[in-house]
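Chemist: any chance you could fold what I've pasted below:
(one chain, ligands or ions: 1)
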Amino acid sequence: MIRNNICLNSHAEGCAAVVRRQIAYVENNNVYEKPPNAAKLALVLGCSTGYGLASRIALGFGYGAATVGVSLEKPAAPNKNGTPGFYNNLAFDYECAKVGIISKTLNGDAFSDAVKALTIEAVKEIAEKLESCTQKIDMVVYSLASPVRVDPKSGVMYKSVIKPIGTAFSGTSIDIMTGRLFTANAEPASKEETAATVKVMGGADWELWIDALQNTGLLAENAKTIAYTYIGPESSWAIYKNGTIGRAKEDLERACRAINAGFAGSERKAYVSVNKALVTRASAVIPVIPLYVSCLFKVMKEKGLHEGCIEQAVRLFRERIYSVDGITLTDHAGRIRIDDYEMREDVQKAAADLMQSVTQENVLSSTDVSGFKHDFLEAHGFDVQGVDYED
Ligand SMILES: NC(=O)c1ccc[n+]([C@@H]2O[C@H](COP(=O)([O-])OP(=O)(O)OC[C@H]3O[C@@H](n4cnc5c(N)ncnc54)[C@H](O)[C@@H]3O)[C@@H](O)[C@H]2O)c1
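Modeler: Sure thing, here's the model as predicted:
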């Protein structure tokens with residue numbers, strides 16, 4: 001049941017199979033040195049799908065970290081499927097229990113004070129189960145992607161929009177199920193819409209989480225925290241980087257600097273990581289991104305550079321945050337770049353050329369729409385190898 005690149009149902013066994021495959025990837029690539037400061041107790045906000053789920057799997061199965069995860073998913077009801085993240089969480093906790101990795105998952109609104117308080121209790125409970133029962137949170141992954149946020153202080157509900165700022169936007173997008181190209185139009189955002197998007201997808205809530213953990217004495221002296229952003233090619237900037245979402249991501253970077261200022265004098269460190277464009281439930285609804293990603297995947301697969309969420313997460317922790325030499329490589333603005341393969345000059349040029357040459361006639365053969373469609377279906381538990389859908 002797919003409408004406008006939004007999938008309305010999910011498949012429990014398919015979701016579990018994808019979680020198991022990501023775990024297997026981590027286990028099969030687990031033959032590297034792990035520095036002593038690697039995560040032992042991690043909090044993953046937005047743990048159920050996409051980058052958050054992959055981060056949790058990389059931390060749990062790559063480093064043996066105990067994890068507390070928070071996400072907002074609809075549980076299954078007798079006559080209705082749950083959302084994919086609901087099944088992913090169940091599968092993650094089940095696989096952890098099988099091998100003795102400690103995990104606890106909370107379902108609720110991470111923006112609320114109530115869920116922050118419940119999470120803090122869960123962290124204390126988990127810490128008591130660890131070998132070193134004085135262990136505090138040493139990694140906080142902030143990977144929320146949400147259309148709405150209720151400000152916990154004012155009670156006002158803000159809605160995020162994906163719109164350009166200043167001038168209207170028009171660009172070619174694609175219906176991933178049919179391959180039909182269409183022109184996506186978006187009117188410029190009002191000042192209120194831009195401000196609301198910053199409220200939802202900016203860094204304010206990340207700061208509140210870090211404050212809450214610090215105030216309750218639960219943040220380790222060497223804690224690291226990371227939030228995710230995207231920059232992408234110039235062809236998407238009008239709608240992404242220079243649009244409402246881009247403003248929110250600027251605010252995320254502001255929050256990162258503010259958190260680091262608060263960490264001054266300790267070994268704690270906050271990072272923003274620029275990740276690769278991938279097919280997640282959030283990215284499929286951004287105009288232009290599905291067509292760009294279909295071209296990008298074609299190029300990256302041909303060059304042997306393609307990665308999914310789990311490959312990105314493993315590289316992020318192994319080669320950046322917990323690198324053996326202890327150095328976390330960053331760009332001029334202090335950001336981690338694991339979009340480095342995507343942004344390579346040859347990759348960008350080939351993807352841009354391909355986008356220029358796409359027509360309705362050649363779109364299915366010249367781009368990787370089928371790869372996009374597969375990843376999209378897989379994110380909901382469908383089209384997963386080895387799963388019997390007739391059963
Ligand atoms: N997908 C991409 O291509 C891409 C690229 C670079 C960066 N990013 C960034 O990565 C981050 C995660 O995005 P994603 O694509 O993995 O998204 P996603 O939709 O797969 O995951 C979002 C997560 O947030 C959770 N969530 C949403 N609202 C919540 C709430 N109120 N309370 C608790 N949990 C809530 C969901 O349950 C889910 O776990 C975002 O900051 C996004 O901008 C994404």
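
Chemist: buried residues in the longest strand anywhere in the chain, which are they?
Modeler: Counting residues, the longest strand found in the chain (DSSP state E) is strand 219-229. By 16 or more other CB atoms under 10 Å, the buried positions in strand 219-229 come out as 219, 220, 223, 224, 225, 226, 227, 228, 229. Just so you know, the C-beta spots here come from the backbone N, C-alpha and C atoms, and that holds for glycine as well.

Chemist: and the gap between the last one and residue 259?
Modeler: Which is residue 229. Distance from residue 229 to residue 259, counting by CB to CB, to the nearest Å: 14 Å.

Chemist: and the fifth one, by the same measure?
Modeler: Going from residue 225 to residue 259 by CB to CB gives 7 Å.

Chemist: find the residues that touch each one of the two.
Modeler: 206, 210, 270 (CB atoms under 8 Å, 6 or more residues apart in numbering).

Chemist: out of those, who's nearest residue 109?
Modeler: Here the nearest of the shared contacts of residue 225 and residue 259 to residue 109, counting by CB to CB, is residue 206; it sits at 15.1 Å.

Chemist: in contact with the closest one, which residues?
Modeler: Residues in contact with residue 206 (CB under 8 Å, 6+ apart) are 142, 225, 227, 252, 255, 256, 259.

Chemist: for the first one, report the pLDDT, please.
Modeler: Going back to what we said before, that points to residue 142. Looking at residue 142, its pLDDT stands at 98.

Chemist: tell me how many other residues crowd it.
Modeler: Residues lying near residue 142 (other CB atoms under 10 Å) number 27.

Chemist: which residues of the stretch 1-150 of the chain lie near the ligand?
Modeler: 46-52, 70-73, 85, 109-111, 143-146 (CB under 6 Å from any ligand atom).

Chemist: how about the helices in the stretch 251-391 of the chain?
Modeler: Ranges of helices in the stretch 251-391 of the chain, per DSSP state H, counting those that start in this stretch, are 289-302, 309-315, 345-357, 363-366, 369-378.

Chemist: show me where pLDDT drops low in the stretch 1-150 of the chain?
Modeler: Along the stretch 1-150 of the chain, the parts satisfying pLDDT under 70 run over 4-5, 133.

Chemist: please work out which residue of it is closest to the ligand.
Modeler: residue 50 (2.2 Å; CB to the nearest ligand atom).

Chemist: hang on, that residue packs against residue 276?
Modeler: No. With contact defined as CB atoms under 8 Å, residue 50 does not count as touching residue 276 (11.7 Å).

Chemist: in PDB, list the C-alpha atoms belonging to the longest strand of the chain.
Modeler: Coordinates of each C-alpha in strand 219-229 appear next as PDB, following Å, rounded to 0.1, in the frame of the first residue of the first chain:
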ATOM      1  CA  LEU A 219      27.000  11.400  31.300                       C
ATOM      2  CA  ALA A 220      30.400   9.900  31.300                       C
ATOM      3  CA  GLU A 221      33.500  12.100  31.500                       C
ATOM      4  CA  ASN A 222      34.600  10.900  28.100                       C
ATOM      5  CA  ALA A 223      31.100  10.800  26.500                       C
ATOM      6  CA  LYS A 224      30.700  11.500  22.800                       C
ATOM      7  CA  THR A 225      27.500  12.600  21.200                       C
ATOM      8  CA  ILE A 226      26.700  12.700  17.500                       C
ATOM      9  CA  ALA A 227      23.800  14.000  15.300                       C
ATOM     10  CA  TYR A 228      23.300  13.500  11.600                       C
ATOM     11  CA  THR A 229      23.000  16.000   8.700                       C
END
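
Chemist: and the ligand, is that strand touching that?
Modeler: Yes. Residues of strand 219-229 contacting the ligand under CB under 6 Å from any ligand atom: 228, 229.

Chemist: next, name the residue at the spatial heart of the chain.
Modeler: When CA atoms, centre = their mean is applied to the chain, the residue found nearest the centroid is residue 51 (2.9 Å).

Chemist: give me the number of neighbouring residues for the closest residue to that one other than its chain neighbours.
Modeler: Nearest non-adjacent residue to residue 51, counting by CB to CB, 6 or more residues apart in numbering: residue 143, 4.9 Å away. When neighbours are defined as other CB under 10 Å, residue 143 has 25 of them.

Chemist: next up, phi/psi of the nearest residue to residue 180 once chain neighbours are set aside, please.
Modeler: Distance criterion CB to CB, 6+ apart; nearest residue to residue 180, sequence neighbours excluded, is residue 174 at 7.0 Å. The phi and psi values for residue 174, taken as degrees, to the nearest 10, are phi -140, psi 140.
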